[in-house]
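> Sequence first, predicted coordinates after that:
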Amino acid sequence: MNPEQLCKQIALIEAILFVSKEPVEPGRIMEFLGIGDIEEFEAVLAAMDKEHLQARPERGLILKRSGGGLQLVTKPDLHDELKQFFTVKQSTKLTLASLETLSIISYRQPATLAEISDMRGVNSSGPVKSLLQKKLIKIVGRKKVPGLPALYATTQEFLIYFGLNDLSELPSLEELTELFEEKEQPSLFK
Amino acid sequence: MNPEQLCKQIALIEAILFVSKEPVEPGRIMEFLGIGDIEEFEAVLAAMDKEHLQARPERGLILKRSGGGLQLVTKPDLHDELKQFFTVKQSTKLTLASLETLSIISYRQPATLAEISDMRGVNSSGPVKSLLQKKLIKIVGRKKVPGLPALYATTQEFLIYFGLNDLSELPSLEELTELFEEKEQPSLFK
Amino acid sequence: MMEAEFAGYQVQTEFFEGPLDLLLHLIRKNKMNIIEVRLSQITAEYLSYLESKRGINPSRESEFLMTAATLIYIKSRSLLPKPENPAEESPEKQLLHTLIEYEKVQKISRLLQEMEYTELLLWRRLEMNENFANREYTLKEVSAFQLAEIFFDIVKKKENEQFLYISSKNYSIAEKQAEILSLLEGSGFIDFSVYVARLDSIEEIVVSFFTLLEMVKRHLLVAVQEQLFGTISLFKNEAGKLEN
């Protein structure tokens, strides 16, 4: 194989592994590149990993085999920095659990913890606590059922955050149903 | 900056962009790398893209800005091979009806369904629904007219999908006329 | 440039997106200038297209017919001696204005199509690395409509689930009693609201509640509420065990 061919093959392997969500079976790539000999293919992979990834300080990725597949992963020594980069401050962010909880409270208010947990299918005391701390919800009374559970409702801060004048401005479910009822179309981005 | 530092920064940028599904705001990376000067940062990016990506035949990726963010994407000339390898039609193209609807929303945003249908001369709830599902448009509020119809605007995904940094990169209507009058004139978006 | 790609667009115009698309096609076909075109001149052609239904989307027929009515009206006005009324915009001017605007829409569409083509050559990463998966949202990025969508999703999920419960689960007081006793065996007491929150359906809550009442009545359990509005704790009644 001449150097030019080798480069093209390494570029293709990089592009394929970059795009793939899952590790890719080496045999598929070998076949695709038209390499019949496994040793030749291993030589390409070794050149790619050693010379073009491991040995190069400007590269942030390495080649990895896992579950019988090939994969690009970040270099282990960058891990701490990446973790730092991708961690966000808790205070300004809402988790999906909190958003789900908030959406239930905004539409079903006043709602009890049991009602919220029932709708979400998981105990929701964590998100409720966090929303209370963020002052997006508040306790407005007790439900007249055994245990007298607290009733939660949204706050003024909630309206401000979501740019609403009052709760009646929340989109109605009928409207949304109409918009989303249509059969799922394949997304462009999946 | 010494060459060693530069390499480390390029490696980090590569790792960050590799891990991110969405384009990453350049300011965040700049801050993270501790670069205060925008020109210095642009020089790092240029070195990365030109010397370490575009110019290297063994690389399958390039740096791209879209939706105001930085992103790694595969080299355009690998498209056919990738398509063959993944045997998927990643090229799910938008229908003409959807493109027309998007055109109106991108220039007239925020726009209501009635306004869109009016301009197209046909009811456009189908394409609007489909664009909502593809997250190319979103509801941004309601128009203060009877019936309080939803107002639609384009999303970040819209910018990314069409490779725009921001809406101001769309040509003005005057420019558009010129563009199509001189038919052979190359696109602004090259 | 991408002339080849646009060939596809041109072919598609044979399938008309709507009456405006058809009108523009006829104007271009007759090499008329959109600014000076007399719509009455293409009325006949428009109507014959409708009759042949060539390249017309039948589900949008009413819109094609409405425009036909407007065209006929315009034509009839052009045949009659018209009383000049400059204050009122003629239906022809209105339609022409709409057409001119629509022509811009088509141009933008072509541009977007070209950009789409360029972008589709670039492949992005399909999925974010799970190790760094970050499921948090900045508050100001979340709109009321997203909130509504999330709620709508939950309702839909729940509706599907409840359908399953009806067909797959039955609760008996005996089973519930055994379950409650084994929970007490483990932790010594049950927090009533926590317990109820864990249950799957209204049906299960009702059965559990009756079971608890029954067990309290039979002195198998003691219910304690330590403060007003506080939660109710349920303890095993050792005396009840003897009685049992």
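Cool, the structure landed. Computed from a predicted model, the values in this text were never measured in an experiment.
> residues touching C:Leu71, list them.
C:Leu39, C:Ser40, C:Ile42, C:Thr43, C:Tyr46, C:Leu47, C:Leu95 (C-beta atoms under 8 Å, 6 or more residues apart in numbering or on different chains). (C-beta placed from N, C-alpha, C; glycine too.)
> Surely C:Met115 touches B:Phe158?
No. Taking C-beta atoms under 8 Å as the definition, C:Met115 is not a contact partner of B:Phe158, at 10.8 Å.
> which stretches of chain C form helices?
C:3-12, C:19-29, C:39-52, C:61-79, C:91-120, C:144-168, C:173-187, C:192-198, C:202-217, C:238-243 (DSSP state H).
> max-length helix in chain A?
helix A:3-19.
> just how off-centre is that one within its chain?
28 Å (C-alpha atoms, centre = their mean, to the nearest Å).
> want to throw the helices of chain C into CSV with mean pLDDT?
Listed next are the helices of chain C as CSV, based on pLDDT from 0 to 100:
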stretch, mean pLDDT
helix C:3-12, 40
helix C:19-29, 90
helix C:39-52, 84
helix C:61-79, 85
helix C:91-120, 87
helix C:144-168, 60
helix C:173-187, 80
helix C:192-198, 71
helix C:202-217, 74
helix C:238-243, 48
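> How about A:Gly68, nearest residue that isn't a chain neighbour?
A:Glu25 (6.6 Å; C-beta to C-beta, 6 or more residues apart in numbering or on different chains).
> let me redo that: C:Ile35
C:Ile35 sits nearest to C:Ile100 (C-beta to C-beta, 6+ apart), 7.6 Å away.
> for chain A, what are the low-confidence residue spans?
A:67, A:87-93, A:163, A:165, A:173, A:176-190 (pLDDT under 70).
> What ranges does it have for its strands?
Per DSSP state E, chain A carries strands over the ranges A:61-66, A:69-74, A:93-95, A:111-112, A:137-142, A:150-154.
> Please convert those to JSON lines, extending it with distance to C:Lys53.
Formatted as JSON lines, these follow (distance: least, C-beta to C-beta, whole Å):
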{"stretch": "strand A:61-66", "distance to C:Lys53": "57"}
{"stretch": "strand A:69-74", "distance to C:Lys53": "54"}
{"stretch": "strand A:93-95", "distance to C:Lys53": "53"}
{"stretch": "strand A:111-112", "distance to C:Lys53": "54"}
{"stretch": "strand A:137-142", "distance to C:Lys53": "57"}
{"stretch": "strand A:150-154", "distance to C:Lys53": "53"}
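> one step back: kindly reformat the helices of chain C as a markdown table containing distance to A:Gly68.
Compiled in a markdown table, these are given as follows (distance: least, C-beta to C-beta, whole Å):
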| stretch | distance to A:Gly68 |
| --- | --- |
| helix C:3-12 | 40 |
| helix C:19-29 | 53 |
| helix C:39-52 | 60 |
| helix C:61-79 | 57 |
| helix C:91-120 | 31 |
| helix C:144-168 | 35 |
| helix C:173-187 | 43 |
| helix C:192-198 | 40 |
| helix C:202-217 | 44 |
| helix C:238-243 | 57 |
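> one step back: make a ChimeraX selection of the buried ones in the contacts of C:Leu71.
Here is the ChimeraX command that picks out the buried ones among the contacts of C:Leu71, judged by 16 or more other C-beta atoms under 10 Å in any protein chain shown:
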select /C:39,40,42,43,46,95
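> hmm, which two among the contacts of C:Leu71 are most spread apart?
Distances among these were taken as C-beta to C-beta; the most separated pair is C:Leu47 and C:Leu95, at 15.1 Å.
> The nearest residue to C:Trp123 once chain neighbours are set aside: how many residues sit nearby?
Once flanking residues are discounted, C:Trp123 sits nearest to B:Thr74: 4.2 Å by C-beta to C-beta, 6+ apart. Neighbour count for B:Thr74, taken as other C-beta atoms under 10 Å in any protein chain shown: 25.
> Do I have it right that B:Thr74 meets A:Phe18?
Yes. Counting by C-beta under 8 Å, B:Thr74 touches A:Phe18, with 6.4 Å between them.
> Out of the contacts of C:Leu71, the closest to chain B would be?
C:Leu95 (9.6 Å; C-beta to the nearest C-beta).
> mind listing what that closest one touches?
Here C:Leu95 is in contact with C:Leu39, C:Thr67, C:Thr70, C:Leu71, C:Ile74 (C-beta under 8 Å, 6+ apart).
> Break chain A down into its domains, please.
A:3-85, A:96-182 (automatic domain parsing).
> Centre of the chain to the longest one, how far?
Looking back up the chat, that one is domain A:96-182. The answer for domain A:96-182 is 23 Å, by C-alpha atoms, centre = their mean.
> Tell me how many other residues crowd A:Glu4.
Around A:Glu4 there are 10 residues (other C-beta under 10 Å).
> mind checking how far it is from chain C?
A:Glu4 sits 22 Å away from chain C, going by C-beta to the nearest C-beta, to the nearest Å.
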